[in-house]
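Student: return a 3D structure for these sequence lines:
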Amino acid sequence: MADVIGFIGLGNMGLPMAANLVKAGYRVQGFDVVAAANEAAAKAGIFVAASAVEAVRGASVVVSMLPNGRLVLELYGSGILQAATAGTLFIDSSTIDIDSARAVNALAREAGMSNLDAPVSGGVGGAAAGTLTFMVGGAEGDFARAKPVLELMGKKVVHCGDTGAGQAAKICNNMILGISMIAVGEAFVLAEKVGLSHQALYDVASTASGQCWSLTSYCPVPGPVPTSPANNDYKPGFAAALMLKDMLLSQEAAASAGANTALGKHAAEIYQSFVAAGQGGVDFSGIINAIREG
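Tutor: Model (predicted):
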């Protein structure tokens, strides 16, 4: 396969995503500011470039996966757009605020490039297995061009609408997730206090009206779901600090749009207290321990 893909951001999510593109036969030119990430990328068959600018040279598609909107804006202003071939498709899979996604798109368009916002759901496990869900915002033609590449890294690729719609979908989805995990945690703590076993609550709620992903895939107590982080001392997974970031993004969006998200606001406050207590590196399902201490 002759196509070259640039990949900027080779951390916990970016590295396995880029590795799946290598497995599919692409030459992947990657770069990360962390030396250890570049070393791991080289072992995965990724050609490690000397800089982000060098990573985009000759690429038909460039994917970025960075921690926040400020870094994405800095990246797009660092010279990568000027170094790329005209018409290169830039896909940002970072989870960032909607306004930053739109600003990035404008920068790319002004430079004669195409751009999509395409955040993901599925965590590190999904990145490694190639089973991520991509939520994509941007022009239909650009989406059609990106879809075959995204399908090599994910099992579901959804075009959510115009620029920023991918970020909007991610923020709304994770607000649901953050709220529901607190609800599930509260239910298990209540069950403990009234003498109901974890397994009994799980067996009922997992097939009744309380069923949700936070319960059946990521159960916050050890036992019922063997693959959940609760069975591995709450190692992420999806760290509480990242959930807090997404919850705060939801509240920024709510304030900007004039939306009433009372539960989202309260959930963000709960995660904020959890992270402030030094638990940012714990899986977000570990919030049940804060609820117990409550």
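Student: would you map out the domains in this structure?
Tutor: 4-161, 168-293 (automatic domain parsing).
Student: so of those, which one's packed in deepest?
Tutor: Highest mean neighbour count among the domains of the chain (mean count of other Cβ atoms under 10 Å): domain 4-161, with a mean of 20. Every C-beta, even on glycine, is put in place using the N, C-alpha and C of the backbone.
Student: for the residue nearest the centre of the chain, list each beta-bridge partner.
Tutor: By Cα atoms, centre = their mean, the mean C-alpha position of the chain lies nearest to Val120, the distance being 4.5 Å. On the basis of DSSP bridges, Val120 is bridged to Phe134.
Student: and the residue nearest to Gly286 when sequence neighbours are not counted, helix, strand or coil?
Tutor: In this structure, Gly286 finds its nearest non-sequential neighbour in Tyr234, 3.8 Å apart by Cβ to Cβ, 6 or more residues apart in numbering. Taking DSSP: H, G, I helix; E, B strand; the rest coil as the rule, one finds Tyr234 in the coil state.
Student: hey, which helix or strand in this protein has the poorest pLDDT?
Tutor: Least confident helix or strand of the chain, by mean pLDDT, DSSP states H and E, is helix 123-129 with a mean of 91.
Student: quick one: contacts of it?
Tutor: Contacts to helix 123-129, defined as Cβ atoms under 8 Å, 6 or more residues apart in numbering, come from residues 12-13, 16-17, 20, 120, 131-133, 153-154, 236-238.
Student: which of those residues fall within helices?
Tutor: 16-17, 20 (DSSP state H).
Student: quick one: the residues you listed as JSON lines, columns for pLDDT too.
Tutor: Converted to JSON lines, the ones in helices among the contacts of helix 123-129 look like this (pLDDT from 0 to 100):
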{"residue": "Pro16", "pLDDT": "98"}
{"residue": "Met17", "pLDDT": "98"}
{"residue": "Asn20", "pLDDT": "98"}
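Student: residue contacts, Cys172?
Tutor: By Cβ under 8 Å, 6+ apart, the neighbours of Cys172 are Ser250.
Student: quick one: it is in a helix?
Tutor: Yes - Cys172: assigned to a helix according to three-state DSSP.
Student: the stretch 151-294 of the chain: strands as residue ranges?
Tutor: Applying DSSP state E, counting those that start in this stretch to the stretch 151-294 of the chain gives strands spanning 154-161.
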